[in-house]
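> Need a 3D model of the following:
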Amino acid sequence: MRTVDPVKHEAKRRAILDAAAGCFAMKGFEKTTTAEICRAAGISTGSLFHYFPNKRAVFVGIFEQDADETTALLAAARELEDHWEAILHVMVHVSEQLLHPVAAKLVLEVAAQCARDAELARLIQGNDRFLRDGLLALVERAIEAGRIDPGVEPKVAADWLTALIDAPLSRVILDPDLDPAAEIAVLKLILARFLRPVLPISPPAGAAVADTGEISPS
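Numbering: from 1, shown residues only. The predicted structure is shown next:
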């Protein structure tokens, strides 16, 4: 009896999901066929059904994988000693992913499918809540450490951080030639001015003000 190597099995499963994501983003869920997914993944139809029972399971699997990646991302952020950098780590990583044209189109497609598929809608809503709750915990920790403005309401901040993550989607859709690096630079500046402590209008003598608004000794 053949034994399944779990590492190879998971790697192949992820490769199928990555290939399928491109297909769904290009043609949408309804018009994408399993044959097209197989061609993109370089596998036979029989191999596909070894990993997924049907096309819907492939589509859902993409967003289940997204939940796993968010779990790992938040866990890595919690390990960072600088609580401000932990927030930036999550925000930048997720935003960089969504600035990819394939991701933007895929998000539009899943939004359309959620209107028809209640189970999928619950999965996507759960993913959003999980990310928002993770950001909330990071914000609360950063406030306690004095790394962000203590006057910020944590839940409100987490809600707006989630909204800022979603913002690049419309930018990518409207402007396919968008410069991701420039967008991330603006995002960091917005975050710094939104969350960092409010500073005096005039910095103390001998101090310099960074682009982020932070005061540092000269």
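
> any idea how far residue 173 is from residue 70?
Distance of residue 70 to residue 173, given as CB to CB, to the nearest Å: 22 Å. In short, each C-beta sits where N, CA and C put it, glycine included.

> between those two, who's got more neighbours?
The residue with more neighbours, out of residue 70 and residue 173, is residue 70; 18 against 14, by other CB atoms under 10 Å.

> ok, residues contacting stretch 85-104?
21-22, 25, 70, 73-74, 76-78, 80, 107, 131, 134-135, 138-139, 141-142, 148, 161, 164-166, 168-169, 171-173, 176, 178, 180, 183-184, 187-188, 191, 195 (CB atoms under 8 Å, 6 or more residues apart in numbering).

> Helix or strand: which one has the most centrally placed residue in the chain?
In the chain, the centroid-proximal residue (CA atoms, centre = their mean) is residue 94; its distance is 2.9 Å. Assigned by DSSP states H and E, residue 94 belongs to helix 83-98.

> C-terminal to that helix, what's the next element?
Counting by DSSP H and E, the element after helix 83-98 in chain order, helix or strand, is helix 101-114.

> Report the buried residues of the helix or strand just after that following helix.
Downstream of helix 101-114, the first helix or strand assigned by DSSP H and E is helix 118-144. Going by neighbour count (16 or more other CB atoms under 10 Å), the buried part of helix 118-144 is 120, 123-124, 131-132, 134-143.

> nearest to residue 12, of those?
residue 123 (22.4 Å; CB to CB).

> Against residue 108, how distant is the closest residue to the closest one other than its chain neighbours?
Once flanking residues are discounted, residue 123 sits nearest to residue 63: 5.7 Å by CB to CB, 6 or more residues apart in numbering. Distance of residue 63 to residue 108, computed by CB to CB: 14 Å.

> what's the answer for residue 138, then?
Taking CB to CB, one finds residue 138 at 28 Å from residue 108.

> Residue 117 too?
For residue 117, the distance to residue 108 - CB to CB - is 15 Å.
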